[in-house]
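Chemist: Predicted coordinates and the sequence they were generated for:
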Amino acid sequence: MTEYRRFRHPGATWFFTVNLAERHDNRLLTDRIDLLREAFSHVKAKHPYKIDSVVILPEHLHCILTLPMGDSDFSTRWGLIKAYFSRNITKSERISKSRDKRGERGLWQRRFWEHLIRDEADYQQHVDYIHWNPVKHGWVERVKDWTHSSFHGYVQRGLYPENWGNDIDFYKVSAGE
């Protein structure tokens, strides 16, 4: 089996997408949002990081994290967040034979997607993507209506107007334009 290698860049800012294994009709992340917040806090206390932006959807999440200077180990953080959450959920998910052999739960996809933020424009594009995501997936019609998002903090700090996104063309945002 090929070893999956991730790029290491200490102190960097990263965009992540983390998915549940079973995404169809699954609302676990929003139904158990308090436990997910607890998992983030628990790991952050032992392995510091800064959450720049985040959105939690029912079956996946996107966030931008900045690691401390000299630290590039985001994989351990995600493993611990997922493990903490999983340990505190009653086992009821379907578990594949390969996962069962390894003693793994079946809540999360094994991997996650990461992207190293390159510059301020890249950062802003990913922050916008995060905040627009609940609209993109049809959970709400307006960005401000999704409660599980850092958007509201951005509005409070004056970084976005409350009506941000109301006039965004869905297809342009989805295409990354």
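Modeler: Yep, it's here. Numbers count the residues shown, from 1 in each chain.
Chemist: Show me what counts as buried in stretch 21-28.
Modeler: By neighbour count on 16 or more other Cβ atoms under 10 Å, the buried set for stretch 21-28 is 21, 26, 28. Quick note: C-beta positions are derived from backbone N, CA and C, even for glycine.
Chemist: which among the residues you listed gets closest to residue 117?
Modeler: Ranked by distance to residue 117 (Cβ to Cβ), the buried residues of stretch 21-28 are led by residue 21 at 26.8 Å.
Chemist: distance of the closest one from residue 59?
Modeler: Distance from residue 21 to residue 59, counting by Cβ to Cβ, to the nearest Å: 9 Å.
Chemist: Which parts of this structure are helices?
Modeler: Along the chain, counting by DSSP state H, helices occupy 28-31, 33-46, 74-87, 97-102, 120-136, 151-156, 170-174.
Chemist: Go through those and name the closest to residue 114.
Modeler: Across those, closest to residue 114 is helix 74-87 (Cβ to Cβ), at 6.7 Å.
Chemist: Name the residues of the closest one that are buried.
Modeler: Quick answer for helix 74-87 (16+ other Cβ under 10 Å): 74, 77, 78, 80, 81, 82, 84, 85, 86.
Chemist: Off-centre distance for that helix?
Modeler: 12 Å (Cα atoms, centre = their mean, to the nearest Å).
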